[in-house]
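S.K.: Predicted structure and sequence below. I'll ask about it afterward.
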There are 2 protein chains.
Amino acid sequence: VTGLLEATVASMPGADDDAARETASRLEEKTKPPGSLGRLESLACRLAAIRGSVPGEHVSPAVVVAAADHGVWEEDVSPYPQAVTAQMLANFATGGAAVSVLARRAHARLVVVDAGVLDPTPVSGVRSAVVDGFRGTRNIVREPAMPEHVAIGLIEEGIGLAGGLADDGIDLLGVGDMGIANTTAAAALCAALLPATPGSVCGPGAGLDEAGVARRARVVRAALERHGLDRPPDAASPLRALAAVGGLEIAFLVGVILGAASGRVPVLLDGFVTGAAALVAVGLAPDSRDALIAATRSPEPGHSLVLDRLGLEPLLDLGLRLGEGSAAALSIPLAAAAGEIVARMATFESAGIARA
Amino acid sequence: VTGLLEATVASMPGADDDAARETASRLEEKTKPPGSLGRLESLACRLAAIRGSVPGEHVSPAVVVAAADHGVWEEDVSPYPQAVTAQMLANFATGGAAVSVLARRAHARLVVVDAGVLDPTPVSGVRSAVVDGFRGTRNIVREPAMPEHVAIGLIEEGIGLAGGLADDGIDLLGVGDMGIANTTAAAALCAALLPATPGSVCGPGAGLDEAGVARRARVVRAALERHGLDRPPDAASPLRALAAVGGLEIAFLVGVILGAASGRVPVLLDGFVTGAAALVAVGLAPDSRDALIAATRSPEPGHSLVLDRLGLEPLLDLGLRLGEGSAAALSIPLAAAAGEIVARMATFESAGIARA
């Protein structure tokens, strides 16, 4: 573990309970029955605890979507050709993807990152985080996905990006992923880190049929066995598991999560793949958990296990399973609304309204 | 039943299945795995079916919040003084209430309606829908809440308001309610119309304790018995139940729902009280159900029964129980996002992306 990652983990702040309490106490003064805005109120308190201050009127959101390719694709675990990763990377940058539309709607800056896509189309608006020219993971059934120094390098790229966004005043950060076959990598990571059986974390992802799901579970089992990660109940070392069976975009997102948490920027997790990244981040720095907010519950079966482990209750439960940060972007208005309630609602006193 | 209500019920359009199918077929071309945006996709199709056209890029939302007082308040069914209804009416108009903040955030026009508040504070920005000077319902344990001609008059005021909003280009309409003790009126209406037992539809509302909930259930039972509405399994006549045990703001909202549905404007229901209004509307014009979208699931136990009866699955489940249209306003960005996905996402062909 080198300098930046080590320093980030060591300086991880925890929740600021005073800011949360102050927010809760302001909400008590607002013109509504106590608690009647439900989880919008607890969300406001959580934002306060993460940021270390009572939410203000405005929010400056961003969404980071990171893409990379996966060698395990050759095991027939995705219905899509591998070239779709590069095609979607360009689609993010040119504004045609779901996350492009939803981030724009939420007035969020969209940061598109190439963390190791094979043959990317040259297109403006894509930021490269490729480490040592390493593009596409190896097939995890046969080899480690990436060397450990590449994993660390990508994490540190992510930490750097999140730090820069925090310096720019970004105070709410959605994370998203793209990578054909990355549901399989995420499932392997979750199986190793929860730990859990391959069968319990494998679902249809972007559209596998029943036979495909069974094949994915066999591939995950083979990868775990190949790398000695199949020994529950002890969970694996997060960094070793990440390098062995993870993904390049997942490694980068681990860094984004750690960097945001370290800069007191709330992180809106997306679906199953960003959940796997969060498991790694929390494995490396347990206090980073305090910075996480779950945007959605994915229908992917492993995601509920991840949410339980992280102790997160998602904001939305609309069957979203696209990834790419689409659910994170869709939930930004909820977080913005939570802050605005605190900042802008009248109090019983200011409005001259009687209490119960 | 007089002219406008009769004509509105008679001219109620149903769902436009062609527009829904065309929307679904456009979604199939978008650059994402089929169905991966889950209920955002079905929401887009539902908006299309209601409006009779594929959702466009922009939405013009409004939220109508109607307030009135309730004679049943004197049965000690609310922890709040009755004057809070008038105070909150002013708070809506001056911008300090939750729905004021959330509607502004959603770029929605907020229409504040006095449907029969006792001693309203004169404040600009409140529209009166008071019929024949009738302010505050009678105590439903002893008398009918309102004469039937007042109920019909209020419904027609609501139809007129919704028609005017549709003429102004409003194409998404949230509805909300305010009225100290109106949870009791809504519970009585639901018990009569579902039908259901008083115990199954009575909860804490704005903040009753256990003894208060039991008292509310006894009050509902007494009101049903007083008006001969306690004879399951046959549900009561919607108009008779509304006049006997309903509320003035509920009657007005019945009209808003019918008017919006008749003008092909999607209606975002709020919580339990607007759910009771929807039960009356659907009782009067069954096809108006096709225009309804449930914003939230209220923790109030009767609300889930209402949603089941209306066949609606709510968009949000965040424990919101404030009413006043706050949940409807909070869900406007989801409906707007559903439309924008259809209008603005690239297709596989336009973006040059391979299919599965």
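M.R.: Alright, I've got the coordinates.

S.K.: What helices and strands are in contact with the strand or helix carrying residue A:279?
M.R.: Element membership for residue A:279 (DSSP states H and E) is helix A:272-284. Here helix A:272-284 touches strand A:172-178, helix A:182-193, helix A:238-245, helix A:248-262, strand A:267-269, strand A:292-294, helix A:301-310, going by 3 or more Cβ pairs under 8 Å, 6 or more residues apart in numbering or on different chains; DSSP states H and E. No exception for glycine: its C-beta is placed from N, CA and C like everyone else's.

S.K.: how about those in a markdown table, adding mean pLDDT and mean neighbour count?
M.R.: As requested, these are exported to a markdown table (pLDDT from 0 to 100; neighbours: other Cβ atoms under 10 Å in any protein chain shown):
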| stretch | mean pLDDT | mean neighbour count |
| --- | --- | --- |
| strand A:172-178 | 98 | 31 |
| helix A:182-193 | 97 | 31 |
| helix A:238-245 | 97 | 25 |
| helix A:248-262 | 98 | 31 |
| strand A:267-269 | 98 | 30 |
| strand A:292-294 | 98 | 25 |
| helix A:301-310 | 97 | 20 |
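
S.K.: how about a markdown table for these, with distance to chain B added?
M.R.: Formatted as a markdown table, the entries for the helices and strands packed on helix A:272-284 read as follows, by distance: least, Cβ to the nearest Cβ, whole Å:
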| stretch | distance to chain B |
| --- | --- |
| strand A:172-178 | 11 |
| helix A:182-193 | 11 |
| helix A:238-245 | 23 |
| helix A:248-262 | 17 |
| strand A:267-269 | 14 |
| strand A:292-294 | 13 |
| helix A:301-310 | 13 |
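
S.K.: out of the ones you listed, which comes closest to residue A:218?
M.R.: Shortest separation from residue A:218 across the helices and strands packed on helix A:272-284 is recorded for helix A:182-193, at 10.6 Å, computed as Cβ to Cβ.

S.K.: I'd assumed residue A:67 was in contact with residue A:136.
M.R.: No - counting by Cβ atoms under 8 Å, residue A:136 stays clear of residue A:67, with 11.1 Å between them.

S.K.: Give the residue spans of the stretch 51-200 of chain A that score low on pLDDT.
M.R.: For the stretch 51-200 of chain A, no stretch has pLDDT under 70.

S.K.: where does it come near chain B, residue by residue?
M.R.: Residues of the stretch 51-200 of chain A found near chain B (Cβ under 8 Å from any Cβ of the partner chain) are A:79-81, A:83-84, A:87-88, A:90-91, A:94-98, A:100-102, A:105-106.

S.K.: Is there a quick PyMOL command that grabs whichever of these are buried?
M.R.: The following PyMOL line selects those of those that are buried, judged by 16 or more other Cβ atoms under 10 Å in any protein chain shown:
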select buried, chain A and resi 79+80+83+84+87+88+90+91+94+95+96+97+98+100+101+102+105+106
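
S.K.: quick one: the closest residue in space to residue A:75 that isn't next to it in sequence and residue B:37, what's the gap?
M.R.: Among residues not flanking residue A:75 along the chain, residue A:219 sits closest, at 4.7 Å (Cβ to Cβ, 6 or more residues apart in numbering or on different chains). With the distance defined as Cβ to Cβ, to the nearest Å, residue A:219 ends up 27 Å from residue B:37.

S.K.: for residue A:309, what are its contacts?
M.R.: Listed by Cβ atoms under 8 Å, 6 or more residues apart in numbering or on different chains, the contact partners of residue A:309 are A:194, A:279.

S.K.: what's the burial count for the closest residue in space to residue A:135 that isn't next to it in sequence?
M.R.: Setting aside the residues directly before and after it, residue A:135 is nearest to residue A:116 in space (Cβ to Cβ, 6+ apart), at 4.7 Å. Neighbours of residue A:116 under the rule other Cβ atoms under 10 Å in any protein chain shown: 30.

S.K.: Where do the strands of chain A begin and end?
M.R.: Shown for chain A, the strands assigned by DSSP state E span residues A:61-67, A:109-114, A:126-128, A:172-178, A:267-269, A:292-294.

S.K.: now what about the third one, what contacts it?
M.R.: With Cβ under 8 Å, 6+ apart as the test, strand A:126-128 has contacts from A:89, A:90, A:92, A:93, A:111, A:112, A:113, A:114, A:120, A:161.

S.K.: for it, which positions count as buried?
M.R.: Of the residues in strand A:126-128, those buried (16+ other Cβ under 10 Å) are residue A:126.

S.K.: returning to that earlier point: nearest to residue B:24 among the contacts of strand A:126-128?
M.R.: For these, the nearest to residue B:24 is residue A:92 (24.3 Å; Cβ to Cβ).

S.K.: Please report the distance of the closest one from residue B:36.
M.R.: For residue A:92, the distance to residue B:36 (Cβ to Cβ) stands at 15 Å.

S.K.: The two: who's more crowded?
M.R.: For residue A:92 against residue B:36, the residue with the higher neighbour count under other Cβ under 10 Å is residue A:92, and the figures read 28 against 23.

S.K.: Which residues are in contact with that one?
M.R.: If a contact means Cβ under 8 Å, 6+ apart, then residue A:92 has A:65, A:67, A:99, A:100, A:110, A:112, A:126, A:178, A:324 as its contacts.

S.K.: do residue A:14 as well
M.R.: By Cβ under 8 Å, 6+ apart, the contact set of residue A:14 is A:287, A:290.

S.K.: what about stretch A:164-182, how long is it end to end?
M.R.: By Cα to Cα, to the nearest Å, the extent of stretch A:164-182 from end to end equals 27 Å.

S.K.: Likewise for stretch A:64-77?
M.R.: Note: stretch A:64-77 ends 25 Å apart using Cα to Cα.

S.K.: Just the buried residues of that stretch, please?
M.R.: Judged by neighbour count (16+ other Cβ under 10 Å), stretch A:64-77 contains these buried residues: A:64, A:65, A:66, A:67, A:68, A:69, A:70, A:71, A:72, A:73, A:75, A:77.

S.K.: Repeat that for stretch A:331-339.
M.R.: A:331, A:332, A:333, A:334, A:335, A:336, A:337, A:338, A:339.

S.K.: restrict these to those near chain B?
M.R.: Checking the buried residues of stretch A:331-339 against chain B (Cβ under 8 Å from any Cβ), the matches are A:333, A:334, A:336, A:337.

S.K.: got a list of what the first one touches?
M.R.: Each residue near residue A:333 by Cβ under 8 Å, 6+ apart is listed here: A:106, B:105, B:106, B:333.

S.K.: if we go to 6 Å?
M.R.: In this structure, residue A:333 makes contact with A:106, B:333, judged by Cβ atoms under 6 Å, 6 or more residues apart in numbering or on different chains.

S.K.: swap in the third one?
M.R.: Contact partners of residue A:336, counting by Cβ under 6 Å, 6+ apart, are residue A:59.

S.K.: ditto for the last one
M.R.: Applying Cβ under 6 Å, 6+ apart, one finds that residue A:337 lies in contact with B:102, B:105, B:330.

S.K.: I'd assumed residue B:99 was in contact with the last one.
M.R.: I take that to be residue B:330. No - contact criterion Cβ atoms under 6 Å: residue B:330 and residue B:99 do not qualify, at 9.3 Å.

S.K.: Sounds good, over and out.
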